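> one predicted model, sequence on top.
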Amino acid sequence: MKTLIFAISIIISSFSFAQEKEAVLAQKKSNDFVYEGNTLANEDDFVSAEMEYRKAISKQPSSVAGIYNLGNSYYKKGNFEEALYRHQQATKNASSKAEKHKAFHNIGNILMQNKKCKEAVEAFKNALRNNPLDDETRYNLGLAKACAEQQKDQQDENKDKDKKDENKDEDKKENDENKDKDDKEGEDKDDKKDEGDKDKKDGEDKKDDEGKPKDEKDDKGKGDEKDKEKQKPKPKLGQMSPQQIKSLLEAMNNQEKKVQEKINAKKQKGVKVKTEKDW
């Protein structure tokens with residue numbers, strides 16, 4: 001029984017030794033790729049350097065060196081988004097304060113490049129928590145604070161400006177509404193004025209030159225005629241008016257004249273009359 005346990009222990013030890021040996025070899029190989037990548041990066045051959053860093057990560061996925069240096073490579077190429085992702089990954093895989101300090105310090109620099117000053121302040125603070133003695137990080141933190149304050153002032157100023165613009169728009173809208181209201185009231189007044197002028201004109205048309213209503217004048221004229229007729233002397237019953245007497249005399253004279261003409265005509269009947277030519 002003891003022999004069996006001893007044999008199993010030897011096997012387990014051998015297996016663990018093999019794993020450790022393999023891990024050591026993988027770490028060594030990963031470090032070699034990182035070293036090669038750094039050499040290429042110093043020569044500004046970032047494309048080839050990126051390939052070497054990726055090889056290092058494939059050999060040792062938890063290798064902070066490979067991830068950290070790959071992030072630096074992206075930073076130098078100006079690919080800040082990918083650089084930020086790799087350094088955030090490095091902070092998670094870092095096992096020492098020194099590694100975390102470097103990663104957070106670089107994250108702060110990347111955020112400053114992206115004009116995210118408030119976030120950069122927190123990154124530099126995290127870097128100082130892992131290494132309070134780093135003057136460069138402290139200096140960058142001061143720059144980040146000043147930048148964040150300036151951005152805050154600018155945002156407040158923009159908010160005030162937007163608010164003023166909003167108030168101006170509201171005032172303009174209110175003025176336009178009041179103007180439309182005034183215009184409508186003015187149109188209503190004009191309409192009423194036109195109606196008043198029309199009524200006034202109709203009233204004037206109904207008046208004569210003396211300013212009196214025509215209907216009243218007509219009625220007055222009719223009344224005057226009636227009054228005149230009333231004022232004419234009416235003949236009394238059994239008594240003739242002078243005009244009637246005159247007409248009667250004229251009729252009698254005309255009748256007498258006709259009778260005399262007939263008598264004269266009978267006297268001259270049968271008498272021959274000699275006619276002469278009217279040369």
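Thanks, I have the structure now. Numbering: from 1, shown residues only.

> the closest residue to Ile107 other than its chain neighbours sits in which helix or strand?
Excluding its sequence neighbours, the residue lying closest to Ile107 (C-beta to C-beta, 6 or more residues apart in numbering) is Ala123, at 4.4 Å. (Each C-beta comes from the backbone N, C-alpha and C, glycine too.) Per DSSP states H and E, Ala123 falls inside helix 117-130.

> next, the buried residues of that helix.
Buried residues in helix 117-130, counted by 16 or more other C-beta atoms under 10 Å: 117, 119-124, 126-128, 130.

> and what of stretch 55-73?
For stretch 55-73, a neighbour-count test (16+ other C-beta under 10 Å) marks 55-57, 59-60, 63-73 as buried.

> stretch 92-101 too?
Under the neighbour-count criterion of 16+ other C-beta under 10 Å, stretch 92-101 has 93-94, 99-101 buried.

> which pair in those spans the largest distance?
Spatially, the most separated pair among these is Asn93 and His101, at 14.2 Å (C-beta to C-beta).

> Asp176 versus the residue lying closest to Ala90 once chain neighbours are set aside, what's the distance?
Once flanking residues are discounted, Ala90 sits nearest to Ala103: 4.1 Å by C-beta to C-beta, 6+ apart. According to C-beta to C-beta, to the nearest Å, Ala103 stands 58 Å off from Asp176.

> the two: who's more crowded?
The residue with more neighbours, out of Ala103 and Asp176, is Ala103; 27 against 10, by other C-beta atoms under 10 Å.

> just the residues contacting the helix or strand where that one lies, thanks.
For Ala103, the host element (DSSP H and E) is helix 97-113. Residues from elsewhere that reach helix 97-113, judged by C-beta atoms under 8 Å, 6 or more residues apart in numbering: 64, 68, 71-72, 75, 80, 83-84, 87-88, 90-91, 94, 117, 119-121, 123-124, 126-127, 130-131, 134, 136-137, 140-141, 143-144, 147.
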